[in-house]
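Asker: How does the following fold in three dimensions:
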Amino acid sequence: WGTERVAEDLAGLFPGVRVARLDRDVVRHRQDTEATLRAVRDGAVDVLVGTQMVTKGHDFPGLTLVGVLWADLSLHFPEYTAAERTFQLLAQVAGRAGRGDRPGRVVVQTWSADHYALQAATRHDFAAFFEAEMALRRALGYPPYGRLVNIRLSGADGERVAAAAARLGRAAGRLAAACRDGTEVLGPAPAPRPKLRNRFRWQLLLKGPSGAALRRIWQRVASAEAGDLPSGIRVDVDVDPQHLL
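Answerer: Numbers count the residues shown, from 1 in each chain. The predicted model follows:
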């Protein structure tokens with residue numbers, strides 16, 4: 001698993017090939033990144049193995065082959081922007097190959113080869129991806145066709161956090177039902193990262209067509225209900241969240 005294992009396998013499959021890694025485990029300072037990229041450009045490295053760090057705007061004129069391992073990892077993140085981020089990442093990394101005199105080739109490993117994000121990325125078809133993504137968001141009421149508010153609770157006592165989340169969820173559900181416009185409450189449920197820095201995390205997601213209605217709900221819930229929550233529990237509100245992790 002991970003870039004270290006990939007680099008080891010490459011060294012075993014192709015003895016003598018000079019392999020370098022670019023990830024947060026080996027890069028401690030900016031100078032480390034610059035030194036690795038300089039070695040690639042100077043021809044001192046044959047294969048560069050890395051995380052998303054290698055996709056961000058770097059120019060490798062002699063690069064002719066790009067391989068993407070486990071391409072659907074980001075596709076299945078619990079976020080409505082997962083397909084968009086996956087398409088963006090693949091388009092970026094594919095653009096690294098073939099910038100010199102020789103054409104490039106991109107090989108993508110995936111269990112979801114028929115997914116519209118991957119299909120559009122293989123053709124570099126931004127319009128096709130946009131059309132498919134917007135149709136899905138429109139059907140599900142996600143931005144830009146709806147609004148979202150994420151309310152996250154955290155604390156050191158997991159049971160107290162879960163109970164507080166349930167209480168806020170019931171209050172938010174009553175207010176959402178009174179809107180009568182399709183506003184709904186998703187959750188509460190443990191956050192995708194249920195524990196971070198020794199704090200347990202639960203969240204509930206408000207979704208609906210009206211940003212004003214969602215604002216009224218979370219303001220009433222966060223002020224009235226959260227004011228009576230046990231000490232040590234923090235409530236964070238994220239309006240139109242870009243990340244739900």
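Asker: what does the lowest-mean-pLDDT helix or strand in the chain rub up against?
Answerer: In the chain, the helix or strand scored least confidently by mean pLDDT, DSSP states H and E is helix 30-41, which has a mean of 83. With contacts defined as Cβ atoms under 8 Å, 6 or more residues apart in numbering, helix 30-41 is touched by 20-22, 26-27, 45, 48, 53, 58, 60-62. C-beta here means a position set from N, CA and C on the backbone, and glycine is covered the same way.
Asker: What pairs with the helix or strand following it, parallel or antiparallel?
Answerer: The first helix or strand that comes after helix 30-41 along the chain, using DSSP states H and E, is strand 47-50. The pairing partners recorded for strand 47-50 under DSSP bridges are strand 19-22 (parallel).
Asker: where does K207 land in three-state SS?
Answerer: strand (DSSP: H, G, I helix; E, B strand; the rest coil).
Asker: Looking at the longest helix along the chain now, give me its mean pLDDT.
Answerer: Counting by DSSP state H, the longest helix found in the chain is helix 158-179. Averaging pLDDT along helix 158-179 gives 92.
Asker: buried residues in that helix?
Answerer: 160-165, 167-169, 171-173, 175-176, 179 (16 or more other Cβ atoms under 10 Å).
Asker: Can you tell me which helices and strands that helix packs against?
Answerer: strand 147-155, strand 184-196, strand 199-208, helix 211-220 (3 or more Cβ pairs under 8 Å, 6 or more residues apart in numbering; DSSP states H and E).
Asker: so G232 sits in a strand?
Answerer: No. G232 sits outside any strand when classified using three-state DSSP, being coil.
Asker: So it is in contact with G158, correct?
Answerer: No. Counting by Cβ atoms under 8 Å, G232 stays clear of G158, with 11.8 Å between them.
Asker: what stretches of the chain score poorly on pLDDT?
Answerer: 1, 56-58, 95-101, 224-227 (pLDDT under 70).
Asker: Could you pull out the buried residues of the least confident helix or strand of the chain?
Answerer: Using 16+ other Cβ under 10 Å as the test for burial, helix 30-41 gives 33, 36-37, 40.
Asker: For N198, state which of those residues is nearest.
Answerer: Comparing the buried residues of helix 30-41 against N198 with Cβ to Cβ places T33 closest, at 31.0 Å.
Asker: any idea how far that closest one lies from A94?
Answerer: According to Cβ to Cβ, to the nearest Å, T33 stands 21 Å off from A94.
Asker: do you know how far T36 is from L69?
Answerer: In this view, T36 and L69 are 19 Å apart by Cβ to Cβ.
Asker: Find the nearest non-adjacent residue to M53, please.
Answerer: L22 (5.4 Å; Cβ to Cβ, 6 or more residues apart in numbering).
Asker: count of neighbours near the one you found?
Answerer: Close neighbours of L22, defined as other Cβ atoms under 10 Å, add up to 21.
Asker: Do I have it right that it meets G50?
Answerer: Yes. If you go by Cβ under 8 Å, L22 and G50 touch, sitting 3.6 Å apart.
Asker: Find the residues that touch each one of these two.
Answerer: What both L22 and G50 touch, as defined by Cβ under 8 Å, 6+ apart, is an empty set.
Asker: from the chain's centre, how far out does stretch 210-217 sit?
Answerer: On the basis of Cα atoms, centre = their mean, to the nearest Å, stretch 210-217 sits 25 Å off its chain's mean C-alpha point.
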